[in-house]
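# quick one: sequence and predicted model below, then my questions.
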Amino acid sequence: MMQNNILSDARIVAVYNANGGIMGELSYVIGKVLGNTHCALCDISHGNSIKAKAQWRERVASFPIPVQAVHINEMDEATQKASQGQSPVVVYLDGKNDHIIMIAEELESCQASPQLFFDKLLEKIVSLPFSKL
């Protein structure tokens, strides 16, 4: 049994700056083409493809804490509260220490690279005062 370990109840939720569903996706694509909409997290996970990048899928599967990517309209209550209305954003949730760990500017600095994103994410998590990674 894990003793108050960051891995026991923790999860990471990455929130896209877009709504899910056909209309949400269509609205995002049109906004992106017109230059009115941008999502650094979308660039990291998908680039210009409908399908997630292979490196993104691999890193999500192997990360020591569950990582979930959701659209704005797919957030659960804990994610909504922790994200404080921001998107794109990455939040750490464990029920006690829920908070933002990456904001849009930090996602932009990943330069659309899943490798950079997960390296920074791990660095952020390791630096948490309660982390046992």
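That came in fine, so what should we check first?

# name the element Phe118 belongs to?
helix 114-126 (DSSP states H and E).

# okay, now the unreliable bits of this protein?
For the chain, residues meeting the criterion pLDDT under 70 lie at 1-8, 24, 26, 31.

# picking that back up, run the chain-centre distance for the helix holding Phe118.
11 Å (C-alpha atoms, centre = their mean, to the nearest Å).

# contact partners of it?
The contact list for helix 114-126, computed with C-beta atoms under 8 Å, 6 or more residues apart in numbering, reads 6, 12, 44-45, 53, 55-56, 59, 63-65, 67, 90, 92, 101-102, 106-107, 109-110, 131, 133. Placement of C-beta: from N, CA and C, glycine included.

# what sits up against the helix or strand where Trp56 lies?
Element membership of Trp56 [criterion: DSSP H and E] is helix 54-62. Residues outside helix 54-62 that contact it (C-beta under 8 Å, 6+ apart): Ile44, Ser45, His46, Val67, Ala69, Pro114, Gln115, Phe117, Phe118.

# tell me the secondary structure for Ile13?
One correction, residue 13 is Val, not Ile. strand (DSSP: H, G, I helix; E, B strand; the rest coil).

# offset the numbering so it begins at 37, please.
Taking 37 as the first residue, the last one we looked at is Val49.

# so it versus Val65, what's the distance?
Using C-beta to C-beta, to the nearest Å, Val49 is found at 23 Å from Val65.

# neighbour count: those two, which is higher?
Val49 (23 against 14; other C-beta atoms under 10 Å).

# what about the strands in this structure?
47-51, 103-106, 125-129, 135-138 (DSSP state E).

# go through the ones you listed and pick out the most buried.
Of all these, strand 125-129 has the most neighbours on average by mean count of other C-beta atoms under 10 Å, namely a mean of 23.

# just to revisit the earlier point, switch the contacts of helix 90-98 over to TSV; also include distance to Lys132.
Formatted as TSV, the contacts of helix 90-98 follow (distance: C-beta to C-beta, whole Å):
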residue	distance to Lys132
Ile80	28
Ser81	27
His82	32
Val103	19
Ala105	23
Pro150	29
Gln151	30
Phe153	25
Phe154	24
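
# please consider this matter closed, and thank you.
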